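[1] this is the structure alone, sequence omitted:
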């Protein structure tokens, strides 16, 4: 079941098994996937105009892809545990997914 917080966000369906929710409000950007019990398979969060994320308040590990202006990954971190801060100066935006699922949403880093 999709968490209510994600249901409210603008959504882009990339494929049958890949849906991205866009975090474009202050609250959705600040919370990200924190405090959620889980995220269903095939769902990710896109956070535009950021170069850093945190995993404080996370209840499960996540994959993080830092992407450039064209959506190409410049760095991918897999299975990031709780209480971490990640920064990538080359990034334009970030995609967060459940650990093991980032490949549905972005390709390999350059």
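    Happy to help now that I have it. Note that this is a predicted model, so its numbers are computed, not measured.
[2] quick one, helices of the protein?
    Ranges of helices in the chain, per DSSP state H, are 4-7, 26-31.
[3] residue 107: which of those helices is closest?
    Proximity to residue 107 (C-beta to C-beta) singles out helix 4-7 among those, at 23.2 Å. (Glycine included, C-beta is placed from N, CA and C.)
[4] how about the helices of the chain in JSON lines, adding mean neighbour count, mean pLDDT and distance to residue 107?
    Output for the helices of the chain, formatted as JSON lines (neighbours: other C-beta atoms under 10 Å; pLDDT from 0 to 100; distance: least, C-beta to C-beta, whole Å):
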{"stretch": "helix 4-7", "mean neighbour count": "14", "mean pLDDT": "92", "distance to residue 107": "23"}
{"stretch": "helix 26-31", "mean neighbour count": "13", "mean pLDDT": "91", "distance to residue 107": "24"}
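[5] distance to residue 73 added to those helices, as CSV?
    Shown next, in CSV, are those (distance: least, C-beta to C-beta, whole Å):
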stretch, distance to residue 73
helix 4-7, 22
helix 26-31, 20
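[6] show me the shaky parts of the protein.
    Within the chain, the segments meeting pLDDT under 70 span 110.
[7] report the strands that pair with the longest strand belonging to the chain, each with its relative direction.
    Looking across the chain with DSSP state E, the single longest strand is strand 73-80. Strands adjacent to strand 73-80 in the sheet, as given by DSSP bridges, are strand 62-67 (antiparallel).
[8] so what's the residue nearest the centre of the chain up against?
    Centroid-nearest residue in the chain: residue 96, 1.5 Å away (criterion: C-alpha atoms, centre = their mean). The contact partners of residue 96, by C-beta atoms under 8 Å, 6 or more residues apart in numbering, come to 32-33, 44-45, 47, 53, 62-64.
[9] quick one on the thing from earlier: wait, which of the helices of the chain is closest to residue 38?
    With C-beta to C-beta as the yardstick, what comes closest out of those is helix 4-7 (11.3 Å).
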